[in-house]
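S.K.: Predicted model and sequence below, questions to follow.
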Amino acid sequence: MTTAVAARRAPLRWRRILLYAVLVMAAGLYLVPVYVLLITGFKSQQEALNIFTMWTPPNVIGFHSFQVAWFGAPDSVGLEQGFWNSVQMVIPATLISSMIGSVNGYILSKWKFRGANLLFPLILFGMFIPYQSILIPLVQTYQLLERYTGIALYSTIAGLVVAHTIYGIPITTLIFRNYYAAIPNEMVEASRIDGANFFSIYRYILFPLSVPGFVVVMIWQFTSIWNDFLFGITLANTPKVYPITLSLNNIAGSFHVPWNIQMAAALLTAVPPLLVYIFLGRYFMRGLMAGSLKG
Amino acid sequence: MSRKPRNWERAVSILLLAPSILALAIFVYAFIGWTGYVSLTRWEGAAPDFTFAGLHSYQRLFLGQGTDAIRFHIDLRNMVGFTLFFLIACLSIGFVLAVLVDQRVRAESFFRSVFLFPMAVSFIVTGVAWRWILTPGDPAIGAVGINLLLEKIGLDSLKSLWFTDPTVKFITPDSPVGQILNQIGLGFLASSDVGYAMALTALVIAATWQLSGYTMALYLAGLRSIPDELREAARMDGANELQVYRHIVIPLLQPITLSAVIILGHISLKIYDLVVSMTGSGPGFATDVPALNMWRTTFDATLFAQGAAIAVILLFLVAVLIIPYLAYNTRAEAQR
């Protein structure tokens, strides 16, 4: 009897070992770029120049690459300006688009009007379009607006904020609508009987329950706006307003910038969204899932 | 709602929604129409020229003989090749990882996080990192990057030129397969217009690194929603593990696969940042894609009409994928 059980267990144990071996190997493979970024970034200039040791960790850990990547060198621009531009862009765009999404989601889930079900997919379509199909009018609109009203949106941070806010509305509305739809209507109805109206229901019932929803939406918006490149390259035409992804691309795209500086710059660009991912990964996941429409 | 919304509440709700609707009506729908109109004009050069030119730009892209037509055909070929291999890689790797992670493993959340973290990073970062890893080196200075590793472990035969590889693999008309295709009237498939540019593999690797974890997350959510009793019952009936997956799990995951194909597919049709940062257009446009072509044609070469036409074609392809999906999701929800 015991031998029979043992015989059945033995292949099982081997299977577990194999399972972990495969998982660990896969995890190792996924971390290869991180390994390369880290070891190259921490190398000294001299050590990094020897590309045949590119897979070997640095002999001496130095911060020179990060320093140059951040502050720039006489012949190259650093990330510093781009970083602060991105900060100035991402904070208002995230806050405003989340707020708008919350109100829209509230209306579309608890104050459904006739035609709301038709309107919703029309709103959502906006998050799937290739932005190439709106870039020409966007640039033209910004330029015309400046010529006729003096409102400067083309090649300004404000212009980037406006674009990210508007094109963020579909996803923020989607996530909040699904979030509020999960809050039972009975709660809303009960407060109605107590005399609550449109505003007080939002203010005292939905909004206080929205914290996790806001975290999900704001993380989503923060990461996608921080990581955006297309709006940046189209709407910003001076280094003064380049978001960080553009600064990174310029550092990596110029041939005289050594690899170690490029890797350090890539690492620095990735740090803010990675920090968010590490500390708030659970909420990041929920945003991802909402992105596939399964709320 | 038990108590009917009062009129002012109705009005306020619509009033509060109106700015968003208006913004999207302009910035999405009117702008698309505007782009469509630009694609029908003669606009070439920095100053707008709205002289109507009909389908001139489309004709030039699809039927022309010039380099812009050649480039556009290459773009479409690359888009198909990239999308195909990217989807296959993401779905298979994502599924396998999800099944592995689903085996009640210790440190499950660690593994999940590692597979998913690339999703949090910008495509530009991905491109910069992978361009370095896949830099091929050359015979004069020696192998670099992955090639260097392959050389060290004695797998020289796997070395590749990666994104600098100018070759395009296609079925030659006089090969056995080409002859068969010719006989059944599919001879056009056996030409370099329908090939696969080897340089795309580098992009596929980087994009798969970034998005296979996301596919895993989708599948994992699907696996977790399949009740254990179902699998248990199949096992009771004598099915082995493989059969359980083949006959129970995979069919039940079909909606997930469909979602994944649509989400990943539309990302891959739109792919732009990764190409810019990793390879650019590549040797002989080997890694050029419509989204990149549109941007360069419009904003670098200031051929606005033609850029707009490429944008419209790209939008059309994405819409073909997305609109049925949105319609399906809306209907499914209405039935709930």
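M.R.: Now that the structure is in, tell me what you want to look at.
S.K.: quick one, phi psi at A:Pro243?
M.R.: The phi and psi values for A:Pro243, taken as degrees, to the nearest 10, are phi -70, psi 170.
S.K.: mean confidence score for stretch A:263-271?
M.R.: Mean pLDDT, computed over stretch A:263-271, is 96.
S.K.: again, but for stretch B:69-84
M.R.: 96.
S.K.: Could you do stretch B:87-98 as well?
M.R.: Mean predicted confidence for stretch B:87-98 is 97.
S.K.: what about that stretch and chain A, any contact?
M.R.: Yes - with C-beta under 8 Å from any C-beta of the partner chain as the criterion, chain A is reached by stretch B:87-98 at B:Leu97. For the C-beta atoms, the positions are set from N, CA and C on the backbone; glycine is no exception.
S.K.: I'd like the distance from that stretch to the chain centre, please.
M.R.: Remark: stretch B:87-98 is offset 14 Å from the chain centroid, using C-alpha atoms, centre = their mean, to the nearest Å.
S.K.: cool, and stretch A:209-221?
M.R.: Distance, centroid of stretch A:209-221 to centroid of chain: 13 Å (C-alpha atoms, centre = their mean).
S.K.: and residue 58, how many neighbours does it have?
M.R.: As the question left the chain open, I've gone with chain A. By the criterion of other C-beta atoms under 10 Å in any protein chain shown, A:Pro58 has 18 neighbours.
S.K.: I was after chain B.
M.R.: 18.
S.K.: OK, contacts around it?
M.R.: Going by C-beta atoms under 8 Å, 6 or more residues apart in numbering or on different chains, B:Tyr58 touches B:39, B:309, B:313.
S.K.: for the chain, which spans come out with low pLDDT?
M.R.: Unless you meant another one, I'm taking chain A. A:1-11, A:255, A:291-295 (pLDDT under 70).
S.K.: wait, chain B
M.R.: Within chain B, the segments meeting pLDDT under 70 span B:1-3, B:336.
S.K.: pull the longest helix from it.
M.R.: helix B:67-101 (DSSP state H).
S.K.: in that helix, what counts as buried?
M.R.: B:68, B:71-79, B:81-83, B:85-87, B:89-91, B:93-95, B:97-101 (16 or more other C-beta atoms under 10 Å in any protein chain shown).
S.K.: So which elements touch that helix?
M.R.: Judged by 3 or more C-beta pairs under 8 Å, 6 or more residues apart in numbering or on different chains; DSSP states H and E, helix B:67-101 is in contact with helix A:2-41, helix B:56-63, helix B:108-116, strand B:196-197, helix B:200-224, helix B:254-270, helix B:290-295, helix B:304-335.
S.K.: what angle separates it from helix B:200-224?
M.R.: 40 degrees (axes from the mean of the first three to the mean of the last three C-alpha atoms, to 10 degrees).
S.K.: Tell me the gap between helix B:67-101 and the middle of its chain.
M.R.: Averaging C-alpha positions (C-alpha atoms, centre = their mean) puts helix B:67-101 6 Å from its chain's average.
S.K.: which residue is nearest the centroid of the chain?
M.R.: All of this refers to chain A. Per C-alpha atoms, centre = their mean, the C-alpha nearest to the average position across chain A is that of A:Thr223, at 1.4 Å.
S.K.: nope, chain B
M.R.: So for chain B, C-alpha atoms, centre = their mean, it's B:Ser268, sitting 1.1 Å from the centre.
S.K.: Can you tell me how far the nearest residue to that residue once chain neighbours are set aside is from B:Ala207?
M.R.: Nearest residue to B:Ser268 in three dimensions, chain neighbours excluded: B:Thr83, at 4.4 Å (C-beta to C-beta, 6 or more residues apart in numbering or on different chains). Counting by C-beta to C-beta, to the nearest Å, the separation of B:Thr83 from B:Ala207 is 10 Å.
S.K.: Kindly report the same for B:Gly282.
M.R.: For B:Gly282 relative to B:Ala207 (C-beta to C-beta), the value is 15 Å.
S.K.: who's more crowded, these two?
M.R.: B:Ala207 (28 against 24).
S.K.: so who does that one touch?
M.R.: B:Ala207 touches B:82, B:86, B:90, B:126, B:268, B:271, B:274, counting by C-beta under 8 Å, 6+ apart.
S.K.: next one: A:Thr173
M.R.: Contacts of A:Thr173 by C-beta under 8 Å, 6+ apart are A:100-101, A:104-105, A:108, A:123, B:20.
S.K.: repeat for A:Gln143
M.R.: A:Tyr154.
S.K.: Give the buried residues for the helix or strand containing it.
M.R.: Per DSSP states H and E, A:Gln143 falls inside helix A:132-149. Of the residues in helix A:132-149, A:132-142, A:145-146 count as buried by neighbour count, 16+ other C-beta under 10 Å.
S.K.: mind checking how far that helix is from the chain centre?
M.R.: 25 Å.
S.K.: and which of the contacts of B:Ala207 is nearest chain A?
M.R.: B:Thr126 (7.5 Å; C-beta to the nearest C-beta).
S.K.: What residues sit buried inside the helix or strand that the helix holding A:Gln143 is followed by?
M.R.: Next in sequence after helix A:132-149, counting helices and strands by DSSP H and E, comes helix A:157-181. By neighbour count on 16+ other C-beta under 10 Å, the buried set for helix A:157-181 is A:157, A:159-181.
S.K.: How about the helix or strand containing B:Ser277 and chain A, any contact?
M.R.: For B:Ser277, the element it lies in under DSSP H and E is helix B:273-278. Yes - Helix B:273-278 lies within reach of chain A by C-beta under 8 Å from any C-beta, at B:273, B:276-277.
S.K.: most neighbours, which of those?
M.R.: Ranked by neighbour count (other C-beta under 10 Å), the residues of helix B:273-278 next to chain A have B:Ser277 at the top, with 26 neighbours.
S.K.: which of the residues of helix B:273-278 next to chain A lies closest to chain A?
M.R.: B:Asp273 (4.3 Å).
S.K.: Excluding chain neighbours, what is closest to the closest one?
M.R.: Spatial nearest neighbour of B:Asp273, excluding adjacent residues (C-beta to C-beta, 6+ apart): B:Phe123 at 3.7 Å.
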